[in-house]
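Colleague: Pasted the sequence and its predicted model underneath.
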Amino acid sequence: MKNTVISDAYPEVDLRPYDLLNKYAELAERDVETFLVRGRSLTACACPACSEENAYPSFSKFGLHYRECARCRTLYVSPRPGDEALDIYQSRSAARRYWMEEYARKTRNKRREKIVKPRIQWILDSTMEYLPSASHFVDVNTNQYDYIEELMRTDLFRRKTLIHPLFPMDRLKLSLGIDIYSGSLWEADLGEGADVVALFEVADRTADVEALFAKTRQLLKKNGLCFMTAVLSSGFDIQMLGPQAPTLFPPDRLNVFSIEGLNALFARNGFECLELSTPGVFDVEVVQKAIESDPLQRLPKFIDYLLKNRSREICDSFQKFLQDSLLSSYGRIVLRKR
Amino acid sequence: MSILKAGIIGYGYMGEIRRTLVDRNPRLKLAGICDTSESVRQKIEGCPVFDSYERLLGQDIDVVFVCTPNRFSPEICVSSLSLGKHVFCEKPPGRHADDIRAILRAETGQVKLMFGFNHRFHPGIQKAKVLVESGRFGRILGMRGVYGKSGGIHFSQSWRNDRTVSGGGILLDQGIHMLDLFRYFCGDFDFVKCFIDHSFWKFDVEDNAYVLLQNKNGQTASLHSSSTFWKHTFRLDVLLEDGYLVVDGLLSKTGSYGRQKIVVGRRQFEDEAGALGNPAEEVTYFDKDLSWDLEVEEFIRCIDTDSPVRLSSSEDALRVMEIIEKAYADSQIEALAGFR
């Protein structure tokens, strides 16, 4: 297995302007209440990563309750809404619309440069490395319009299929070789199997993770690859800030996996992990900002001292250490179907 | 697919590694091991044991792994090929380029011959190869390799430092891997310059070799191969028009070369105010060395599909031995005081 570390430093605000993020969170809070909580039936669940039943209550956000798995320390919402309700949220909520029309548009250039292009390059390089004969690429539930635009420019895959993209189709000028499956993932039948399936932050916002991986297995050919990204509970900023971590709220983070939880999840579902990296660059900056904005924030003394009294270079080294040690909260993973 | 019956000739360090590979490969069945040392033979369990390679070759075997010191490998390869066995031979494939030419003469289209340049199959090297071939970073301008070890307390007793058995020192033993990698990335080299010394160990083979290569495409490569690196080191830099790759560390049995990683950097002429000469890099660490298994699988694939050996072929072995001969000739190794 390999682990990748990235030294490309840039300010968090380039990708997450706090005014936009706060507005998005505000809308999400209202929409969660409307679409997922009020009058809805919620179902209690075991840990979505390792299946452990025992968990400790952790915190509540937007009327939903997070628990921490007693075995693998994955954070997850339980009881939780089902995937049908989540699909409705994704297609109708004001929060989702705001994300697409304001948030994504205003951060578009930086997102394209810092997230979308490197992500496409990662897919291309890793596919060339592990499965150069791959011809059919399938993306599941993407919410990134720019990513699809970039994907269309690549010529590595003969066929590209989008399953249930979470944005209006009329914005896409589809090129030849792109198929759209507008129905739900659970019913998708692509005929020809996929060589590569992409699940970008999809496992984070899926209620039935077991079914997601079973479906991914079904979509993939033997030895097919699955690329995924996820926010990780084992990451530094999530560990330090918990519920105060700026991006940790439902339903985008229904599941916040730990490294140990992910490994259990992959093994149980018949996937070999080829790459598990945490190339996040924002953990330290996010925690520093939290200290600045709330001087009463209580952190372990050593961390408080380090982040307040050491230079930018030392803090960058610490961020690199987090990446090296799989302790950043942004995870990227390549799996192979066994 | 049928099972291939395998014999191992020579049961030293490499022979033991090959046995492990044969035992865990479902396509191979160990048919026997040969070693001329009685004490070594006494330690071998679980398969027929032979005291001469001729007796092993007389058995019903399909594949021979030749893991003997350089002096003996060519003769065993030639005999095995002549008897219609597929041959996998460790590097170096002999002491001189003429040894390889003799092996080549015995090579027929009916059987497969592959050499153990396993570094091509290391994960960092494979990743570098994919990146270079993607064309993202442009053409290779040059390469720099550093490969060295510290010797150690038993170094003086090793056959590798006896010129009559090995044919050369650290360049032929370890540097040959780096030269093979230079060829893997850049193809053949036409010009060879070399300095050597043997000032520390004072064997009749070199301690250090400093080799400079250039080809007609203008690509230059330099190698420092050493047995006086007190810290075990493997580092390969690939300089490209639009970036650079560094493969550092080696997933060896002891782990003494460090965890293997590849550093990928892109040339940054823009926005130099923020990162002058210090561009953003991506570093990938590798934990698993599958190089031994992958090269054997490639060998089996060639046998199964009756396709020519393209990786670590006899042609590769000959070309790299020719570079080493030119390097030794340029360094005037024979003329240096104390070498003979």
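Modeller: Right, received. Where do you want to start?

Colleague: which bits of the stretch 101-250 of chain B sit near chain A?
Modeller: Neighbours of chain A within the stretch 101-250 of chain B, by C-beta under 8 Å from any C-beta of the partner chain: B:123, B:126-127, B:130-131, B:133-134, B:136. C-beta here means a position set from N, CA and C on the backbone, and glycine is covered the same way.

Colleague: what's the next secondary structure element after the host helix or strand of B:Ala209?
Modeller: Assigned by DSSP states H and E, B:Ala209 belongs to strand B:208-214. Note on strand B:208-214: by DSSP H and E, the next helix or strand toward the C-terminus is strand B:220-226.

Colleague: any idea of the mean pLDDT for that next one?
Modeller: On average, the pLDDT along strand B:220-226 is 98.

Colleague: which residues in the chain form strands?
Modeller: Using chain A. Taking DSSP state E as the criterion, chain A contains strands spanning A:2-6, A:55-61, A:64-69, A:75-77, A:136-140, A:159-163, A:178-181, A:194-200, A:220-231, A:255-256, A:271-277, A:330-337.

Colleague: right idea, wrong chain: chain B
Modeller: Under the criterion DSSP E, chain B contains strands at B:4-9, B:28-34, B:49-50, B:63-66, B:86-90, B:113-116, B:140-148, B:191-197, B:208-214, B:220-226, B:233-240, B:243-248, B:260-266, B:281-286.

Colleague: Dump these into CSV; add distance to A:Glu113 and mean neighbour count as well.
Modeller: Listed next are the strands of chain B as CSV, based on distance: least, C-beta to C-beta, whole Å; neighbours: other C-beta atoms under 10 Å in any protein chain shown:
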stretch, distance to A:Glu113, mean neighbour count
strand B:4-9, 52, 25
strand B:28-34, 50, 22
strand B:49-50, 63, 20
strand B:63-66, 51, 27
strand B:86-90, 48, 26
strand B:113-116, 44, 26
strand B:140-148, 26, 20
strand B:191-197, 42, 18
strand B:208-214, 38, 22
strand B:220-226, 34, 23
strand B:233-240, 21, 22
strand B:243-248, 17, 20
strand B:260-266, 13, 21
strand B:281-286, 15, 20
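
Colleague: Of the ones you listed, which is nearest B:Ile333?
Modeller: strand B:191-197 (5.9 Å; C-beta to C-beta).

Colleague: returning to that earlier point: from the residues of the stretch 101-250 of chain B next to chain A, which is closest to chain A?
Modeller: Closest approach between these and chain A, by C-beta to the nearest C-beta: B:Val130, at 4.7 Å.

Colleague: Report pLDDT for that closest one.
Modeller: You'll see B:Val130 listed with a pLDDT of 91.

Colleague: ok, it - how many residues close by?
Modeller: Applying other C-beta atoms under 10 Å in any protein chain shown, we find 18 residues neighbouring B:Val130.

Colleague: Show me which helix or strand of the chain is least confident by mean pLDDT.
Modeller: The chain I'm using is chain A. Sorting the helices and strands of chain A by mean pLDDT, DSSP states H and E puts helix A:12-15 at the bottom, at a mean of 76.

Colleague: Chain B is the one I meant
Modeller: helix B:272-275 (a mean of 55).

Colleague: Give me the buried positions along the longest helix that chain B contains.
Modeller: As assigned by DSSP state H, the longest helix anywhere in chain B is helix B:314-331. Under the neighbour-count criterion of 16 or more other C-beta atoms under 10 Å in any protein chain shown, helix B:314-331 has B:314, B:316-328, B:330-331 buried.

Colleague: How far does that helix sit from its chain's centre?
Modeller: On the basis of C-alpha atoms, centre = their mean, to the nearest Å, helix B:314-331 sits 13 Å off its chain's mean C-alpha point.

Colleague: Distance check, B:Trp230 against chain A.
Modeller: From B:Trp230 across to chain A, the span is 25 Å (C-beta to the nearest C-beta, to the nearest Å).

Colleague: Could you give the number of residues near that residue?
Modeller: The number of residues packed near B:Trp230 is 10, by other C-beta under 10 Å.

Colleague: Pull the contacting residues for it.
Modeller: B:Ser150 (C-beta atoms under 8 Å, 6 or more residues apart in numbering or on different chains).
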